[in-house]
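Undergrad: Following is a predicted model, sequence given first.
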Amino acid sequence: MAYATVEQFADHMDPEPVPANARRLLETATIRIDELLVGARYSVDDDGNPMDPVDRAIFAKAVCLQAQFMKDTGDETGANANVTSMSQGGLSVGRSSGADGRTIPRYSQDAVSYLRTRGVLPVHPYTYS
């Protein structure tokens, strides 16, 4: 289940229209945000969703930012992350090794920054002895 609803995404995208694949974008964006949250500490309900309303709002905003990023880059699956050029007629695809920094990042920098400034992203490892 996505951290944000289609209605929340519509509010975020306003005045732009919500894409037809909004629900799928939100579900995929939730998976991306969950990847970023590995190591974060927050209380969850039996379904694994954040219990704190503040956390729920933060996660919903981050998911909307990530979904917008995936919509804007046209790369919902990450398959084009290392594509540097593409042609339609005769099909020609150029891929980057990543060394030149010309790859599409997996995560929205806005979503990462938002989570970081809200204190949700683990900046330091949680250690104990």
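TA: That came in fine, so what should we check first? Numbering: from 1, shown residues only.

Undergrad: gap between the top helix by length along the chain and the chain center?
TA: Longest helix in the chain by number of residues (criterion: DSSP state H): helix 53-73. Helix 53-73 sits 6 Å away from the centroid of its parent chain (C-alpha atoms, centre = their mean, to the nearest Å).

Undergrad: ok, now stretch 108-126?
TA: On C-alpha atoms, centre = their mean, the centre of stretch 108-126 falls 12 Å from that of its chain.

Undergrad: re the thing from before, show me what the longest helix of the chain is packed against.
TA: In terms of contacts (3 or more C-beta pairs under 8 Å, 6 or more residues apart in numbering; DSSP states H and E), helix 53-73 is packed against helix 6-13, helix 22-36, helix 109-117. Where C-beta positions appear, they are placed from N, C-alpha and C, glycine not excepted.

Undergrad: Point out the most buried one among the ones you listed.
TA: Of all those, helix 22-36 carries the top mean neighbour count, a mean of 19, counting by mean count of other C-beta atoms under 10 Å.

Undergrad: and that helix, what other elements does it pack with?
TA: Judged by 3+ C-beta pairs under 8 Å, 6+ apart, the packing partners of helix 22-36 are helix 6-13, helix 53-73, helix 109-117.
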